[in-house]
Each structure stands twice: as structure tokens, then as C-alpha cells.
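**Student:** sequence first, predicted model second:
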Amino acid sequence: MIRVGIDIGGTGIKVGLVDENLQLIGEGTIPTRTDIPFEEQVKAIARCVTETAAAAGYRRKEDIASVGVGIPGIANADGEVIKCTNMGWFHMPFREVFRKYLDVPVFIDNDANVAALAESVAGVSAGTSSSVFITIGTGIGSGIIINGRIWNGFHGIGGELGHVILDLDGVPCTCGNRGCLERYCSATALIRMGREAVRDNPESLILRSAGGDPSGIEARTVIDAAREGDPVAVRVYGEYISYLAQAVASVVNLLDPEVVVIGGGVSKAGDFLMEPLRKEYPRYVIFNDQPMPEIKLAVLGSRAGVIGAAMLS
Ligand code: BGC
């Protein structure tokens, strides 16, 4: 028997088959499509699950113990997606539609929550009593683990670090508010900051690396240019790190977990991200003369999403 984990991301949807030792034994992927109806997207996901399982030799639905789904939003216990802004899904009966195509038990939770769970069982925070996982990608997600369990609040809507408001009149967010933390700390934010900076500094390596086209600037473009010592990139990246350090410090001020884990696309910058972050975050922690959490890099990478989703039951 296998468990299936599905990670619904902004650009791609990953399917992972997990055995009883939480080892990934098969993977599939399809593009995220926000231009097709919900039913069609769910059908494509179910097909990807069936095909990935069949390719690994699991052809009967009885071979699949469960399907877990990590979404960039929230769902309820009935398997209904309540709100998933990036996908444009509001009150969508995911479980019901999915089971039309593959009739197995289906569980849904937030993408960052499931990745946090995976890291706390099979990753860098294994063995800790409390951890907070922060994923830095298109948005900012967070998963809070307390005593081995996901804490997403009494009503299931908590743990949304990305939507803590930093600036009342700040950058408009996809959620409808302004100035949300993810507008300053996500990969999307770094891209925006890079594009803004090259407007007044067209000589910057950031723009040259993007072939002279600001729309070609990615988070990686800014990070690589900063690594090369380009002064504009160094300034932008430094500012970005300050925002991130404030986010980490806010987590510490609120929860003081044993460990804070950093994952998601931007974390691929490795030490170039972690070293300045570790150095800077304590200055925003109120009791910074006391022992503080370790800030660790996630180790499961993009596997965390599918492994954690497969652990849902
Ligand atoms: C969403 C979160 C999600 C995060 C990462 C945010 O915009 O509000 O629910 O965990 O992005 O995907």
C-alpha cells in the first residue's frame, strides 16, 4: 500500500508516492492551470495520481491508502477548499470532485503546514518539540508544529505568517489587504524590488543578467547579482534580508519555538541567505539577551510538500 501526497503550487502540481517509511517511491508533475475550470484541474490531478501510481506498479485503487493534498490556502474537514487565492478557488468541493475520478480517502491541509510536518518528522526539525517552518516562494507560508502536531488555530485559519500586516498603506496583496509580510519577504517581493531598482539603475548587473528586459528578472537574478557584488543588487538584497529578519524575529517574539526552519524556492540560496539572516534577526527579538531558536535550512526541499501531504490522515 502507498500513500499519495499532492503539492499544489503556483506554477506546478507535484504528485508523490510515499511508502510506509516515508520514502518517495514515485513522482509525477503537471502544470498549474488557473485558466481552466476547477473540475478540469482536479480531473487532471486525479489522472496524474493514477498514472504515477500505475507507473510504479500500483494499478488498483485498493493499493492507495490515502491521498493528501497541500494547498496554498485553507480547507475544512469536509475536504472543501475554503479559500485559495492564488488558484482562484473559493468554496470548492475538492474531495467530492476528486473522488469522482479516484475514490480513495482524501485529506487537505495548507501547503506550509504539511511541509512543516514533513520536516519535523523526516527532516531538519525531527526530534524537536516545537518548530516553525517558513516557506519562501511565490508567497510566504508558515507551519507551526507543537508537540509533533500541526497548530493551525482553533478555527483552522491560523499560521498565516505571510499575511501579518507590516505596513497599513503598503503594497497591495493578493488577499485584498495592503502591506502583508509576503509582499516584502517572498520571491515575488524580491522580483518587484529588483525591477523597481533597475528603473533608476539601468547599469545594474540585475538588468544585464535579465538580457536588458526587466520582466525577465527573477528572484535568482537578484540573488546571483548580489553574490557577484553588484552594488544595486547588494542594496536590494540587504533590504530584503532585513524584512525577512523581521519576519523571523516576529515568529520568535510570538512563539519562541525550538527551531525555525527556512524552506521554499528562495532558500536554495543556502548560506548566502542563512548567514545574514542568522546575524540580523536577533536585533529585532525583544529578549535577545536570552537563548534564541536555531534558524535552520530545510533539508527535504521540494519533497517536503508531497511527503507531508501524504502524512495527512
Ligand atoms: C497563502 C498561504 C500559503 C503560502 C505559501 C500564501 O499566500 O496565504 O496559505 O501557505 O502563500 O504557498
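**Tutor:** Alright, I've got the coordinates. Numbering: from 1, shown residues only.

**Student:** so who does Gly88 touch?
**Tutor:** Thr34 (CB atoms under 8 Å, 6 or more residues apart in numbering). Just so you know, the C-beta spots here come from the backbone N, C-alpha and C atoms, and that holds for glycine as well.

**Student:** state the pLDDT value of it.
**Tutor:** Looking at Gly88, its pLDDT reads 91.

**Student:** got the phi and psi for it?
**Tutor:** Main-chain torsions, Gly88, degrees, to the nearest 10: phi 70, psi 30.

**Student:** tell me the secondary structure at the residue nearest to Ser125 when sequence neighbours are not counted.
**Tutor:** The spatial neighbour of Ser125 that comes closest, neighbours along the chain excluded (CB to CB, 6 or more residues apart in numbering), is Ser131 at 3.9 Å. Counting by DSSP: H, G, I helix; E, B strand; the rest coil, the backbone at Ser131 sits in strand.

**Student:** okay, and the beta partners of Ser131?
**Tutor:** On the basis of DSSP bridges, Ser131 is bridged to Ile145, Val259.

**Student:** where does it land on pLDDT?
**Tutor:** The model reports Ser131 with a pLDDT of 98.

**Student:** how close does it sit to Pro257?
**Tutor:** According to CB to CB, to the nearest Å, Ser131 and Pro257 sit 5 Å apart.

**Student:** mutual contacts of those two, please.
**Tutor:** Both Ser131 and Pro257 are in contact with Ile144, Ile145, where contact means CB under 8 Å, 6+ apart.

**Student:** more neighbours: which of these two?
**Tutor:** Ser131 (28 against 21; other CB atoms under 10 Å).

**Student:** who touches that one in this structure?
**Tutor:** Counting by CB under 8 Å, 6+ apart, Ser131 touches Ala116, Glu119, Ser120, Ser125, Ile144, Ile145, Pro257, Glu258, Val259, Val260, Val261.

**Student:** out of those, who's nearest the ligand?
**Tutor:** Set against the ligand, the nearest of these by CB to the nearest ligand atom is Ala116 (10.0 Å).
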